[in-house]
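Colleague: I would like to see how this sequence folds:
(8 chains)
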Amino acid sequence: MRITVNGTDREVADGLTVEALLEQLGVNPATVVVERNRDILPRDQFGSAALAEGDSLELVRLVGGG
Amino acid sequence: MRITVNGTDREVADGLTVEALLEQLGVNPATVVVERNRDILPRDQFGSAALAEGDSLELVRLVGGG
Amino acid sequence: MRITVNGTDREVADGLTVEALLEQLGVNPATVVVERNRDILPRDQFGSAALAEGDSLELVRLVGGG
Amino acid sequence: MRITVNGTDREVADGLTVEALLEQLGVNPATVVVERNRDILPRDQFGSAALAEGDSLELVRLVGGG
Amino acid sequence: MSDSPAAIPDPLVIAGRSFRSRLVMGSGKFPSPALLRQAVDASEAAIVTVALRRVDLDNAQDDMLASLAGGDYLLLPNTSGARDADQAVRLARLARASGIEPWVKLEITPELRSLLPDPIETLRAAEVLVKDGFTVLPYIQPDPILAKRLEEVGCATVMPLGSAIGTNLGIRCREMLEMILANATVPVIIDAGLGAPSHVAEAMEMGAAAVMVNTAIATAADPVAMADAFRLGVLAGRAAYRAGASGHVGTPEASSPLTGFLTS
Amino acid sequence: MSDSPAAIPDPLVIAGRSFRSRLVMGSGKFPSPALLRQAVDASEAAIVTVALRRVDLDNAQDDMLASLAGGDYLLLPNTSGARDADQAVRLARLARASGIEPWVKLEITPELRSLLPDPIETLRAAEVLVKDGFTVLPYIQPDPILAKRLEEVGCATVMPLGSAIGTNLGIRCREMLEMILANATVPVIIDAGLGAPSHVAEAMEMGAAAVMVNTAIATAADPVAMADAFRLGVLAGRAAYRAGASGHVGTPEASSPLTGFLTS
Amino acid sequence: MSDSPAAIPDPLVIAGRSFRSRLVMGSGKFPSPALLRQAVDASEAAIVTVALRRVDLDNAQDDMLASLAGGDYLLLPNTSGARDADQAVRLARLARASGIEPWVKLEITPELRSLLPDPIETLRAAEVLVKDGFTVLPYIQPDPILAKRLEEVGCATVMPLGSAIGTNLGIRCREMLEMILANATVPVIIDAGLGAPSHVAEAMEMGAAAVMVNTAIATAADPVAMADAFRLGVLAGRAAYRAGASGHVGTPEASSPLTGFLTS
Amino acid sequence: MSDSPAAIPDPLVIAGRSFRSRLVMGSGKFPSPALLRQAVDASEAAIVTVALRRVDLDNAQDDMLASLAGGDYLLLPNTSGARDADQAVRLARLARASGIEPWVKLEITPELRSLLPDPIETLRAAEVLVKDGFTVLPYIQPDPILAKRLEEVGCATVMPLGSAIGTNLGIRCREMLEMILANATVPVIIDAGLGAPSHVAEAMEMGAAAVMVNTAIATAADPVAMADAFRLGVLAGRAAYRAGASGHVGTPEASSPLTGFLTS
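Modeller: Reported below is the predicted structural model:
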């Protein structure tokens, strides 16, 4: 199925969880914040939340800034 | 009847027109702007507009300002 | 004899030494600088230097300043 | 004979007057100021003043300045 | 107060209308109506601001502005006294009803001590007044983002302050004004705090379209002579802007030639 | 360049001589003799400074100053290029020998990079030149003590700098200039660094008797228009000085009435 | 990052929480994570700002902030990048979801060139975020009326700029900042444009509760030494504020006695 | 007051002698000897200036300086009160005869109201005192040519003023000081008018070798706390100078990344 991650389309396995996606992408789940379809996904739901066709994800984290 | 002019209560004759009021007060109708009960009264209606009990008038005009 | 000390005339005993004068005036010889007739008098000569009629003395010392 | 004009040596005819020198150089005598051997030469002496071997001349004039 | 654009050299153009002068003069605080009129004439201002106030019924004949009648300038009412958008809109409409043209200097100052403008209420009132057909000239802090937003809702100019009103401190937030000037597509009129001809000259040299002055003229020992001084200051600054100033130079530079006698 | 004092309103008076303008203009750095003359005319300056240099024998006909002939202004030679008192005295005497009047703008600048004046040599040369009959106008740092000493040896004015020559930075040591202005009994002409009409207006508002400008006019994109701009700036500042400026105010002050409608 | 108020001498208190330092440090633009951490430690800052950005999926391991782990300071996320209130609110909520405390430096900058704050959107977002439980520290122009309105909707501080971000120009609209300081009942943190220890000292001498610095430290030749310099500058200015500065004096005043020898 | 250079990090070196602090403190105007000593200690100054005055024979025991005994700092006598070179030389010699080292802060101020230095007399006295074996630190206007001449006659430093003494106005002729700093081969100590830690920090950031402060400390509500504030200000400015400030920037520059979320 196709989802959008940080503005770019990606093909991922059906039913993939967010946790699994992060692992695939090499993103540390402890520091990332995930927004799915404009809603923030609590970190404790990464393991259970299954992605669906057309989902739009934002993966963000804190960086240096003034 | 009682009306309010520029924040002060006044007793005036029943049915007095705005034009007559201005004359009584010595206010030049050519430079004054009259607001009755929060609505602006066009100058050409000064002669015909009869005041009613409880009317609230603001008589204002241009002055020096920066 | 008459001498001048810091701009004021004084009557002092003939042959008075500078050391004796300072003692009379209550001035600490360790911190004062003495100028006699526009010449600086070294501190080790205070005891031997005898004043003469008409001498003009300046007694100065360090004070707070910026 | 050799003279120096504005810092540069020049060979000129013996007994040349200042006026003649200026004419040779194309310098307007009405606006130039001539200093000979550090002395200012009045303009009315340009015609009579004969140059001598080793004379040092400065020819200056007013220019734009602030 | 307005000729055809062709007739005026270097006119100030606001909302399509041309003005012969880049000095906007305020009419407050003058010692007498006569001095006000003489000062306005000496200033050669083409726009004169006025305020709106309740008639004083104990002195109903009193008319400070009578002396301004017949002059060749636009009377521009301000909304002084308004503390929020509603009051400002109400004042603007009352002023229009007096028979003058639908132009307004929009000023909303919730706080009497500083008389500084409120950015939120000013934008709100500007939207209403523009829709209502007014030509709106808002008084603001030198805030480049606010200036742009006011321009976007249709204001005819922006009028950022040089410094707080009446202080005569001149231009104190120069960089912010420079940013406004660099980005504005409407005329920028620097207002408030301009206390000397040197201040208005500086404003014009920076590229302001016009300046507004009141206190410094009205409270001078000789207001008429001071009006003339400000007129000259505006002309001087504008002339320099058009003549192409050569700018600051980091290092000293001789004005006399560095070559020649005694330096060779 | 000088009428009878009675004929000129508010004349600049130096050494008993009256001048119709308070703008002293320098003649250096102009792109052409024609532009120089047009700029001088536009400035309405009554005093124009010039320098003295060796004739360039390869271009002996060259005469930058020819265009200034017949003008109604005093040509004031400077001693630019002098690094010490002796050189300055020599230059002043050479200038006088050219046939112009015995006035001299005394400038002694030992260091070519900054062109800043030497206080020691300037005082030394001033004493010699005054005794020799010159009217001496010395260029100095804004140093109140030096200004007083130059006045005491007979200088006709003092000419403190606003900022380093050619920098266009305006007035940078304002307090020192104010002290000079407060104490001087000769006219104070602020010179150097004045880069815009706002700068000269500020100088005149402070009470300067006159200002001197060269670089900012000569290097403008349009020197003639800029000369006019400076003329206006001087007039503006002088008019304000005479009109009695009302001064800085610590706290904001309304220009519209604080009483009346909506504020009651 | 916060002790009990009693334990810290002269603490900075924001929203009831005490901080040991009055220097807020930004973490942007550092050459390396190690230098960032060393600079933060040298600054002794108790609040360090951070931004929120998309994970770069091509360098997903990259973690600039890893070096900040375990430090004794509050990480304060900003809303940089937000161009309107909605974006800012969204960013603030994302930042909170990362697990840090619900504090936010609210900055809304619609225009990328100047990065100046939008007063309208900032007030709008502040209202939403306060209601949502955030401790809100808004970045604003030095606009006293806006500052008061933000305070009224519940902001914990106001953060007016000294000059445009990254310019190192210091405090350029001093009078407006003074009015904010005089009227605020929340701590005022001067932010942006503070380019040298003298700038932060000046801000603290004026009575600012704290200052924020980023560019001037991060882009110094030696950021760690510069962080120490700013730390000292804040301490110096704060100490002077508390020691009671004697203020400007109109006329010169001797520091040595005017009586006595040689002056009698 | 002086260790071996190796032992002091970043020492101030004057005439071959190293000092641990770059703050020179004046001892005038203090409310009491005890407060003077505490303030000197808090300042950590390594040089303390003193004046020379006639003993007051009515209070001959009075000794303001007794509290300074035993301190680890150089007592540097000034020539305050001198109106010309002769008086200054006489004062310097008297001070030396008191038993302290042959160093002198040379100040010659003919005019009591402004207390500004006389350039002519100062140079004259400096020549005499240098030949007489003194280490001479002259107080001057920020006059780069005079500074160079004093250096050439053998002065150990130059001490240009920031603004007139006792005014607390800070640095007012910045460009002239910059030229002195750029050209000097002796330490430059900025003296007079420095009224706040931000002022001394600015002086040190510009590259001054040291600063001198008296009035602002002595007349503070809490002189001891203020002495500490100035100590910190000097350290802050010096640290910034050594850390390599990144300088003013013409245009705004983000401190947060401009890439990433919400800006894509």
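Colleague: tell me where chain E has helices.
Modeller: Assigned by DSSP state H, the helices in chain E fall at E:33-43, E:85-97, E:119-131, E:144-152, E:174-183, E:197-206, E:215-218, E:223-243.
Colleague: return the most buried member of those.
Modeller: Looking across the helices of chain E with neighbours counted as mean count of other CB atoms under 10 Å in any protein chain shown, the highest average goes to helix E:197-206: a mean of 30. Every C-beta, even on glycine, is put in place using the N, C-alpha and C of the backbone.
Colleague: so which of the helices of chain E is nearest C:L16?
Modeller: C:L16 lies closest to helix E:197-206 among these, at 68.0 Å (CB to CB).
Colleague: which one of the helices of chain E lies closest to chain D?
Modeller: When these are compared by CB to the nearest CB, helix E:223-243 sits nearest chain D, at 18.3 Å.
Colleague: ok, residue 60 - contacts?
Modeller: The chain I'm using is chain A. Contacts of A:V60 were listed using CB atoms under 8 Å, 6 or more residues apart in numbering or on different chains, and they are A:32-33, A:35, G:52-55, G:94, H:260-261.
Colleague: ah, I was thinking of chain E
Modeller: Counting by CB under 8 Å, 6+ apart, E:A60 touches B:25-28.
Colleague: can you flag the buried ones in those residues?
Modeller: With burial judged by 16 or more other CB atoms under 10 Å in any protein chain shown, the buried subset of these is B:25, B:27.
Colleague: just the contacts of E:A60: which are in helices?
Modeller: B:L25.
Colleague: closest to chain G out of the contacts of E:A60?
Modeller: B:V27 (35.3 Å).
Colleague: in chain E, which residue is closest to the centre?
Modeller: Geometric centre of chain E, nearest residue: E:M212, 2.4 Å, by CA atoms, centre = their mean.
Colleague: that one pairs with what?
Modeller: E:V24, E:D191 (DSSP bridges).
Colleague: give the contact list for it.
Modeller: B:66, E:23-26, E:49, E:159, E:189-192, E:194.
Colleague: low-confidence stretches in the stretch 1-150 of chain E?
Modeller: Regions of the stretch 1-150 of chain E meeting the criterion pLDDT under 70 cover residues E:1-6.
Colleague: next, count neighbours for the closest residue to chain C within chain A.
Modeller: As assessed by CB to the nearest CB, chain C sits closest to A:G66 within chain A, at 41.5 Å. For A:G66, the count of nearby residues is 30 (other CB atoms under 10 Å in any protein chain shown).
Colleague: hmm, G:N78 and it touching each other?
Modeller: Yes: taking CB atoms under 8 Å as the definition, A:G66 is a contact partner of G:N78 at 7.2 Å.
Colleague: now the contacts of A:V60 in TSV, with distance to chain E?
Modeller: Shown next, in TSV, are the contacts of A:V60 (distance: CB to the nearest CB, whole Å):
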residue	distance to chain E
A:V32	32
A:V33	28
A:E35	27
G:L52	22
G:R53	23
G:R54	25
G:V55	30
G:L94	24
H:G260	22
H:F261	22
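Colleague: circling back to that earlier point, columns pLDDT on top of the contacts of E:A60, output as TSV?
Modeller: Output for these, formatted as TSV (pLDDT from 0 to 100):
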residue	pLDDT
B:L25	93
B:G26	92
B:V27	93
B:N28	91
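Colleague: closest one to chain D out of the contacts of A:V60, please.
Modeller: The shortest approach to chain D among the contacts of A:V60 belongs to H:G260, at 54.8 Å (CB to the nearest CB).
Colleague: chain A: helices as residue ranges?
Modeller: Taking DSSP H as the criterion, chain A carries its helices at A:18-25.
Colleague: tell me which residue of chain A lies closest to chain H.
Modeller: For chain A, CB to the nearest CB, closest residue to chain H: A:G66, 2.5 Å.
Colleague: TSV for the contacts of E:M212, including distance to B:E19?
Modeller: Shown next, in TSV, are the contacts of E:M212 (distance: CB to CB, whole Å):
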residue	distance to B:E19
B:G66	33
E:L23	39
E:V24	36
E:M25	34
E:G26	33
E:T49	30
E:M159	38
E:I189	39
E:I190	44
E:D191	39
E:A192	40
E:L194	43
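Colleague: between those residues, which is closest to chain H?
Modeller: Nearest to chain H out of the contacts of E:M212 is E:I190 (CB to the nearest CB; 21.3 Å).
Colleague: grab the nearest non-local neighbour of the closest one.
Modeller: Excluding the flanking residues, the one nearest E:I190 by CB to CB, 6 or more residues apart in numbering or on different chains is E:A203, at 4.3 Å.
Colleague: what do you get for E:G207?
Modeller: Per CB to CB, 6+ apart, closest to E:G207 is E:L181, 4.7 Å.
Colleague: contacting residues for the one you found?
Modeller: Shown in contact with E:L181 (CB under 8 Å, 6+ apart): E:188, E:206-208.
Colleague: dump the longest strand anywhere in chain A to PDB, keeping only the CA atoms.
Modeller: Counting by DSSP state E, the longest strand found in chain A is strand A:56-64. In PDB, the C-alpha atoms belonging to strand A:56-64 read as follows (Å, rounded to 0.1, in the frame of the first residue of the first chain):
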ATOM      1  CA  SER A  56       0.100  10.700   5.700                       C
ATOM      2  CA  LEU A  57       2.800  10.700   8.300                       C
ATOM      3  CA  GLU A  58       5.000  13.400   9.700                       C
ATOM      4  CA  LEU A  59       8.100  12.200  11.600                       C
ATOM      5  CA  VAL A  60       9.600  15.100  13.400                       C
ATOM      6  CA  ARG A  61      12.000  15.600  16.200                       C
ATOM      7  CA  LEU A  62      13.700  18.300  18.200                       C
ATOM      8  CA  VAL A  63      16.800  19.900  16.600                       C
ATOM      9  CA  GLY A  64      19.000  22.900  17.400                       C
END
